[in-house]
Structure formats: structure tokens, C-alpha cells
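Novice: kindly return the folded structure for what I paste below:
(2 chains)
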2 protein chains.
Amino acid sequence: MSFYMPTKIYSGSDCVIKNASVFKNFGKNAMIVTGKTSAKVCGALDDVVKALNENNISYSIFDKVLNNPTVENCYEGGKFAKEIKADFIIAIGGGSPLDAAKAISMYKTNDISPMQIFDGEQKNKPIPVIGVATTAGTGSEVTQYSVLTVESEETKRSFSTPDTFMKIAFLDAKYTESLPMSITIDTAVDALSHAFESILNKRSNIFSEVYAKESLKLTGKSLSSLVKRNLTYKDRENLLFASAYVGIAIAQTGTTVVHSMGYPLTYYKGLTHGNANGVLLSSFIKGCDNVNHKLVSELLGYLGLNSINEFDKMLNTLLPDRKIITEDEAKLFSEKTIKAKNVSSCPWDITQEDEYKIFLKLVK
Amino acid sequence: MSFYMPTKIYSGSDCVIKNASVFKNFGKNAMIVTGKTSAKVCGALDDVVKALNENNISYSIFDKVLNNPTVENCYEGGKFAKEIKADFIIAIGGGSPLDAAKAISMYKTNDISPMQIFDGEQKNKPIPVIGVATTAGTGSEVTQYSVLTVESEETKRSFSTPDTFMKIAFLDAKYTESLPMSITIDTAVDALSHAFESILNKRSNIFSEVYAKESLKLTGKSLSSLVKRNLTYKDRENLLFASAYVGIAIAQTGTTVVHSMGYPLTYYKGLTHGNANGVLLSSFIKGCDNVNHKLVSELLGYLGLNSINEFDKMLNTLLPDRKIITEDEAKLFSEKTIKAKNVSSCPWDITQEDEYKIFLKLVK
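Specialist: Residues are numbered from 1 along each chain as shown, chains lettered A, B, ... in the order given. This next block holds a predicted model:
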């Protein structure tokens, strides 16, 4: 049993501006890593630029991070980081820019091929990364994980080292207020999935459980607002903290089969990451219920729900389109995903047949 | 609002032996810092030595740490660390060796006078410290604080920097099994005090609160065993985790007036640290009850208690001797302790008169 989460978290309204002076601990030349638009729309980029200017830190912006970034996309970012001689990175965004920044920080200091990023510990430590979360779901700002799309393998893979934790994570719910409702929902479902996958994970321990359960309780406070698609600032803050809390938990336990089974739904069918997890989550919880009914009931209780059926109905309201694959795809996806590393942390000994049956529920 | 706790925790039975290989990440030459006997009696020293031998790491033992170590005591340890050219420190013990090790690690790399340790950030980073907790109370293994006795000021003072967090903390409840019952009780009361002082602290935040409340819930599970002075291994583990949990919380919030008011009771009257906190704790909670009755009731509920009166009776069973000072001392102690830094985090604006009245309850 172990616990490790070395990221310093600053949270609350205007936390970037209020803690602007911390940026100067990381150098004179920053690289901002983000996607095309959201960092600008939500105001996070403006706040970061203001904070950097206040501290006379120069910066260059790399805003080419793709949704579900590929290794090549991140490698390009790494080249950019080398060119501008970045001292550190500020990543602004949801999971894609945050995960990409971790890879870019590693490419910056190591002369490796794109795919060598998956080889484990590298020779040189990455440059420091600071994260500004603009969605409430990924938890990437407080984990060591970077999940990248590998085109040659037609799936996603993750890498992590103890050095890929961010140095600082900023959590300001105002950045999530401008999110489209669909992304708000998808990311909230991702965090929900993290909570169930962490607590029901074979690697769950007393330290991870505290935060994962608290995450569910916080989500429970704002679940009806989410279902009504009508969120206050307080709801936004609850969901953002819920996401970070369970991020701390999955940093200890990892995720399990919902995540690995979700990857082909994203890669082949274009589902967002949260949506892909969401359409699989009830089936996973049903499987867990067979091995630990008491715990599953406790967890559903934190959300104010009395049964897996109620949970499934709630998810169906949030993500109504589930019939999205063919029978052949169900077969292919189960063949592919039963080989995933995190299958071993599933609370029951899941078989390819089990996975196939779960995928079958998504057949048109 | 912020959160930072970069220590990696390994916990569970035989965690030192099972994770022996982690020691080799810190160098070839270790200094073991401990007190005279307890590390030997409880088996922790044997386990550490075995782990070091397995990894061909040489070591020297500094077992001169006093109870409530003085700055001079730690400075002597610093000289020893320089002489043996220690790469890193392994601290084994309760709060005294753990806090001393933090100071020693700082003296090792900085040519400063004993008292300059209180000057804040030092020029050079300390050598890494690994902690093996042998009591369940201090939480020092997961905090940045080092509390040292300053003879010239007739009290204790603390220093901390972000670099004084330990690199690794080992939590194995078997080391606490050989503790005398009085130390088991005193240290458990220290952890209880940490929980109330952290949650009711002005600096309490959502991240610290999770762990502090969970700490109380864990203590609650074993409180009746403690009162009966009859603890199982599971009780020991509950108390050890409760102590670490709330350590993570006070690393964020600090303590408040119970701790500062307790220092003269230790310095002048020889009370153990936990006992000193314990005789003040009910009065503090009564003060807090006036400003937040609902929260105080919630916290007592986690311990299975219905009122402050019940809490006070419980403490009186654990620590019966409270009439220990004179009226003059009550006056002197309140004059001294109202100047403490952490008075500002008391949930109400505590005055010297308030402190005097609290000390008066301890008059013979």
C-alpha cells in the first residue's frame, strides 16, 4: 500500500492571478501548451499571460494539441520546446493538453523517438509542468499519467513516471463555466468512472479510497443539477474538486477495464473519452456488484441512488446514444482490449467473453 | 486554498522490508537518526538495517536524539552528518527523532548557527530524509514541520520549508505494538488534537478537511479500545493511519492554540506533548462550539460522542491528572503563548484573558 501525489494544488476563484509569483520559481522562459480555442474562450490563457508578464517571464504558445493527442503531435511539441529552449511548460486545458504537456516535457530533455516515450523511466528528468484545468473530469493535473493516441496500434496507450506529476495544479471553477454542456457532461462522467474504477479496483487502498469516496459525495451534491443541465458556480466547483479528488485516487490505483474498453470506442467510433467510459460504466458496476454488493450500494448511496438501475437511467439521461457498434466490432474490441495492462486490476477475473457481452449491449 | 504533500507513503505489515529497494535511490551512505531505545525494542531498527544491508548501503547510527530535542541536540546531529558525509537520513521514532532528523538534514548542507534554522528558506537544500514512524500521533512523517526546544527562550519553536517534507514515510503498525500504554494514549491524544485543530482552524480547506475528518472516523473506530487500554493490531493500525491522515491535514493548515499553549506545559511542567495538548483540548473545543456548534457536533459524532462533556470525560479517563500548575504559572503561560504565531488561526479571536481562563482550569 502506498501513496504519492507531489503536485501542489492551488484552488479557488482567481487562484492563478492570486498566486502569480509561483511561476518565477520555474525559469524565465515558458512554453504554453494548449488546444486551439478553449483556453482563450474560458479566460485561462489571459490569466496565465497576465501572471507571466507580472513576473517578466517570456513565453511562446503551442496551441496545436489535438483532441486525443497522438504521440507525433506531442513529439512536434517537444521539438518546439527544444527550439524555444523552454524552461518549463504551462498546460491549459482538459485532458488532451494536460496529457500532451507531460509528453512534451519528456521529449524536451530526452533525444528519443516518439514511441520510446513508452519505454518507462528516461535518462533525463522532464522540464517542470504546471497545469491549469479547464474541464472537470480528467484529473490529469494531479496524476502522473499521460494517455496518447498511437495511430500505428489503432488505440491509446499511457506512459507515466514519478517525474510526470505536475509541479503545480490550478483549479478555478470559473474556467469551466464556458464549457459546452456536452463536454461538461462527458467530463463529469469521466470523473464518475474514475471514482468507481478506483474504489472497486484491486489496487484500491485506504489512502486512495478517502479521496475517491469524497469525490462521489461531491458529485452527488451536484448530480441533479447535471441531469437538469443547469449548473450553478457552486455545482461547477463541486465537479471540479470531485475530479481532482478522484485524480489523486487514480494516481494511486490507476483505472481499470472501463478505460481500456473505452479506448476503441474513441479511436474507431469517435466517442469522447467520457462518453466512451459512460456507455460501459453500468455494465462494469454490475460486474462489481456480483463480487461486492455492499460496497457498490454504498457508492451508489453517495450519489443519492438506490440501485444500479437508477444509476443506469441517470447515465442514459446524460448520454442517450449507446447503440453505436456492430457485432463484428464488439468481437474485435473485446479481442483487442482483453490484452490491456489494467485488466489485471478488475475486481473480478474478467474474460474476453465478459468483455464481448458488455460490448454487445452497445450493438445497434 | 492549497494542498501539498510530496512524501511517498508505504504502509502495511513489513513495508520496510518489502520496499527495501527504494533506499538505494538515495545514496550509498545513510545516517540513522533515532532515540536511545525504542527503535531497537520495536524492531524498526533491525528492519532498516536489514534493508540497508540488502542494498549494500553503509550506515552510521546517531541515537542521541532527546525527548523534545533541543536545537543544540540537532546541531550536534548535523555535525555528525557532516563528519560521516551522509547522503541521506533514515529517522526512526516518534515525533522527537523525526523532527530532529529534519533539522539535522538542514544543518548537514548549510553552514549556519543552531538558531539560524528558524530563519526560513536556507541556501542549500537539505539531504533527503526517510521516516519510519514508531508512534501513532506526531504525523511528522508526512508534514514539513520540525518542532524544537529552544532553551534560551524556554519554549519550543518550529521551522519548516517545502523541502523538509520527508521523501518517504513508512507506516507499519507492528512498530507501535511495543509502546507503553501511556505513550500509546499520549500520542493518540496528540493526533486527536491535530484533527480538531486542523478542521476548526481558520486555514482549514476542502483538501485538508477530507483527511482530518477521516482521521477522526478512524480514531472513532478504536476509541473504546483505547479507553479500555486494550488494543488489537487492527486498533493500532487505525490509530497509525489516523495519525498519518491528520498529518497530511496539518501539513496544509498547521495547528492552532492547543499546540502553542501546550508548549509551556511540556517545557516547565514536563508533560508529554500529547498530554499537554490533551489537558487543553476540551477547553479549545468549547470555545469553537460557540462559533460553530454544528461542526463541533459533527466532529464529536465521528468519535461516537454526543457532547463536549462526554468528550471531556473520555479525555479525563485517558489523562486523569490535570491539576498541575499554579495561578502564577497560568498568568505567565498565557502571557507567553498569546504571542505565538498560530494564535491567528484560532477560529475565534482568542485573547490573553481567554488563554488565562483556560490555564486556570489546570490550577491545583
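Novice: read off the pLDDT value for the residue in the stretch 1-150 of chain A positioned nearest to chain B.
Specialist: Nearest to chain B, among the residues of the stretch 1-150 of chain A, is residue A:6, at 3.6 Å (Cβ to the nearest Cβ). Bear in mind the C-beta positions are built from the backbone N, C-alpha and C, glycine included. The model reports residue A:6 with a pLDDT of 97.
Novice: go on, residue A:321?
Specialist: For residue A:321, the pLDDT comes out at 86.
Novice: can you pull the phi/psi pair for the residue nearest to residue A:160 when sequence neighbours are not counted?
Specialist: Nearest residue to residue A:160, sequence neighbours excluded (Cβ to Cβ, 6 or more residues apart in numbering or on different chains): residue A:144, at 4.1 Å. Main-chain dihedrals, residue A:144, degrees, to the nearest 10: phi -90, psi 0.
Novice: residue A:144: how many residues sit nearby?
Specialist: By other Cβ atoms under 10 Å in any protein chain shown, 21 other residues sit near residue A:144.
Novice: next, the contact list for it, please.
Specialist: Contacts of residue A:144 were listed using Cβ atoms under 8 Å, 6 or more residues apart in numbering or on different chains, and they are A:102, A:160, A:161, A:162, A:164, A:165, A:251.
Novice: any low-confidence regions in the stretch 101-250 of chain A?
Specialist: Counting by pLDDT under 70, the stretch 101-250 of chain A contains no low-confidence range.
Novice: host element of residue A:207?
Specialist: Assigned by DSSP states H and E, residue A:207 belongs to helix A:206-227.
Novice: make sure the residue of the stretch 1-150 of chain A closest to chain B is indeed in a strand.
Specialist: Yes: per DSSP: H, G, I helix; E, B strand; the rest coil, residue A:6 lies within a strand segment.
Novice: now do the contacts for it.
Specialist: Going by Cβ under 8 Å, 6+ apart, residue A:6 touches A:162, A:165, B:4, B:5, B:6.
Novice: which one of those sits in the busiest neighbourhood?
Specialist: In terms of neighbour count, residue B:5 stands highest of these at 26 neighbours, by other Cβ under 10 Å.
Novice: that one and chain A, how far apart?
Specialist: Distance from residue B:5 to chain A, counting by Cβ to the nearest Cβ, to the nearest Å: 7 Å.
Novice: so how far is residue A:281 from the residue of the stretch 1-150 of chain A closest to chain B?
Specialist: Distance of residue A:6 to residue A:281, given as Cβ to Cβ, to the nearest Å: 30 Å.
Novice: which residues of the stretch 151-300 of chain A lie near chain B?
Specialist: A:205, A:206, A:207, A:210, A:211, A:214, A:241, A:245 (Cβ under 8 Å from any Cβ of the partner chain).
Novice: tally of neighbours for the closest residue to the fourth one other than its chain neighbours?
Specialist: By the measure of Cβ to Cβ, 6+ apart, the closest residue to residue A:210 outside its immediate chain neighbours is residue B:214, 4.8 Å from it. The criterion is other Cβ under 10 Å. On that basis, residue B:214 has 25 neighbouring residues.
Novice: shouldn't residue B:214 be in contact with residue A:209?
Specialist: No: Residue B:214 is not in contact with residue A:209 according to Cβ atoms under 8 Å; the separation is 9.0 Å.
Novice: which non-adjacent residue is nearest the residue nearest the centre of chain A?
Specialist: The centroid of chain A falls nearest to residue A:138 when counting by Cα atoms, centre = their mean (2.3 Å). Setting aside the residues directly before and after it, residue A:138 is nearest to residue A:95 in space (Cβ to Cβ, 6+ apart), at 3.3 Å.
Novice: name the SS class of residue A:30, please.
Specialist: With three-state DSSP as the basis, residue A:30 sits in strand.
Novice: beta partners for it?
Specialist: residue A:59, residue A:88 (DSSP bridges).
Novice: my guess is it meets residue A:88, correct?
Specialist: Yes: Residue A:30 lies in contact with residue A:88 (Cβ under 8 Å); the separation is 5.8 Å.
Novice: now for the most far-flung residue of chain A relative to its centre: which residues touch it?
Specialist: In chain A, the residue that sits farthest from the middle, by Cα atoms, centre = their mean, is residue A:56; the gap is 31.7 Å. Contacts for residue A:56 (Cβ under 8 Å, 6+ apart) come out as residue A:28.
Novice: wasn't it part of a strand?
Specialist: No: Residue A:56 sits outside any strand when classified using three-state DSSP, being coil.
Novice: report pLDDT for it.
Specialist: The score at residue A:56 is 98. That number is its pLDDT.
Novice: residue A:36: neighbour count?
Specialist: Number of residues near residue A:36 (other Cβ under 10 Å) recorded here: 11.
Novice: go ahead and confirm it touches residue A:63.
Specialist: Yes: counting by Cβ under 8 Å, residue A:36 touches residue A:63, with 5.9 Å between them.
Novice: number of nearby residues for the closest residue to residue A:360 other than its chain neighbours?
Specialist: Leaving aside its sequence neighbours, residue A:360 sits nearest to residue A:330 (Cβ to Cβ, 6+ apart; 5.1 Å). Residue A:330 has 19 neighbours, counted by other Cβ under 10 Å.
Novice: any idea which helix or strand carries residue A:330?
Specialist: Taking DSSP H and E as the definition, residue A:330 sits inside helix A:327-337.
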